[in-house]
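[1] Give the three-dimensional model of this entry:
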Amino acid sequence: MRNFTGKVAVITGAGSGIGRALAVGLATQGARLALSDVDEAGVAETARSCDKIGARARSYALDVSDRDAVHTHADEVLADFGEVNLVFNNAGVAVTGTVAEMSWQDIEWIVDTNFWGVVHGTKAFLPHLISSGDGHLVNLSSVFGLIGVPTQSAYNATKFAVRGFTESLRQEMRLAGRPVGVSCVHPGGIKTAIARNSRASSGRSTRELAGSFDRIARTAPEEAAGTILRGVRRDRARILVGTDAHAIDALPRLLGSWYQHLVTSVSKRGGLG
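    The predicted structure follows:
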C-alpha cells in the first residue's frame with residue numbers, strides 16, 4: 001500500500017494517544033476513517049479534528065473486549081463506508097503488579113482488552129481486508145512484547161501473545177497469496193495517558209507509576225504515528241517505534257536470556273519488584 005488516499009481505515013483506541021495521532025495522520029493523507037474507543041467523548045473529538053482537515057470521519061463507541069460488539073462494528077463500518085482497507089488494532093490497557101499481587105480480575109481485564117481485543121478485531125475485519133484486494137492489518141504490541149519486565153507479567157503476556165499471533169498471521173496471508181499486509185508494532189515509551197489510565201495492585205500508586213513513565217517516555221504520539229504509517233507503506237513485518245524500542249529489541253538478540261540480569265538490576269535501582 002503506497003498511499004492512503006481514499007482508503008478506509010479502522011482505528012480502535014482512537015480517543016487519544018497513538019490512536020488519535022494515527023487518525024489525524026491518515027486524515028492529512030486523504031484516508032476515510034472509522035474511529036472507535038470506549039471513551040465516546042474522546043473519539044468524537046478525534047473525529048472532529050479529522051473533519052476539520054477535510055477527511056470523512058465517523059466515531060463509534062466500542063469495547064474491543066466484547067466479541068459480538070466488534071463483529072457488529074465491522075458490519076456497521078462496511079455499511080457506512082462500503083469497504084475496509086486498513087485496520088489498526090490499537091486499543092490497550094496496562095496493569096502493574098507482581099504475579100503474587102495481581103487479582104484474577106485484573107489479569108482477565110488486561111487479557112480481554114489487549115489480546116482478545118486484537119483477536120476480535122482481526123477476525124471481524126480480516127474477510128473485508130481480503131475482499132478489498134489491497135488490505136493491511138496493524139496490531140499494536142509493545143517493547144514489552146520483546147522482553148519480560150518485573151511487575152509487568154500480565155502486560156508482557158498480552159503483548160508477547162499479540163506478537164506471536166500477528167507474526168503467524170502474516171505468514172498465513174503470504175502462504176495463501178492473500179492481498180493483505182500484516183505488521184506488528186512495538187512502541188517504546190510514548191507520551192500517552194496509558195499509565196494514568198492503568199490499574200495497579202494493592203499498595204502501588206498509579207500516580208507514582210505515571211510519573212515514572214512520563215520521565216522515560218521520549219516519543220510524541222505524532223512521531224509514533226508517522227513511524228507506523230511509513231512502516232505500513234513499506235509492508236514492514238515489525239515496526240519499532242522510538243530509539244528505545246530499537247535498543248530493547250537488540251537486548252535479547254545480543255545477550256540471550258542474560259538480558260534478564262540487566263533488567264532486574266535496573267528494576268531494583270528503580271524501586272520496582
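[2] distance between the ends of stretch 249-264?
    Across stretch 249-264, the terminal residues are separated by 17 Å (Cα to Cα, to the nearest Å).
[3] do stretch 56-75 as well
    First-to-last distance for stretch 56-75 - Cα to Cα - comes to 18 Å.
[4] S183 should be in a strand, yeah?
    Yes: assessed by DSSP: H, G, I helix; E, B strand; the rest coil, S183 belongs to a strand.
[5] Hmm, H136 and it touching each other?
    Yes: S183 is within contact range of H136, at 7.1 Å (criterion: Cβ atoms under 8 Å). Glycine gets a C-beta too; all of them are placed from N, C-alpha and C.
[6] Nearest residue to R238 in space, please, no chain neighbours.
    Excluding the flanking residues, the one nearest R238 by Cβ to Cβ, 6 or more residues apart in numbering is C184, at 5.6 Å.
[7] and that neighbour, bridged to which residues?
    Going by DSSP bridges, C184 is paired in beta bridges with N139, R238.
[8] which residues sit in contact with it?
    Applying Cβ atoms under 8 Å, 6 or more residues apart in numbering to C184 gives the contacts 138-139, 141, 145, 162-163, 166-167, 170, 237-239.
[9] Next one: it from A94, what distance?
    When distance is defined by Cβ to Cβ, to the nearest Å, C184 is 18 Å away from A94.
[10] and what of E223?
    From E223 to A94 the distance is 21 Å (Cβ to Cβ).
[11] quick one, which of those two is more surrounded?
    For E223 and A94, the more surrounded residue by other Cβ atoms under 10 Å is A94, and the numbers stand at 24 against 15.
[12] My read is that the more buried one contacts Y155, right?
    Yes: A94 lies in contact with Y155 (Cβ under 8 Å); the separation is 5.4 Å.
[13] Overlap in contacts, these two.
    Jointly contacting A94 and Y155 under the rule Cβ under 8 Å, 6+ apart are I110.
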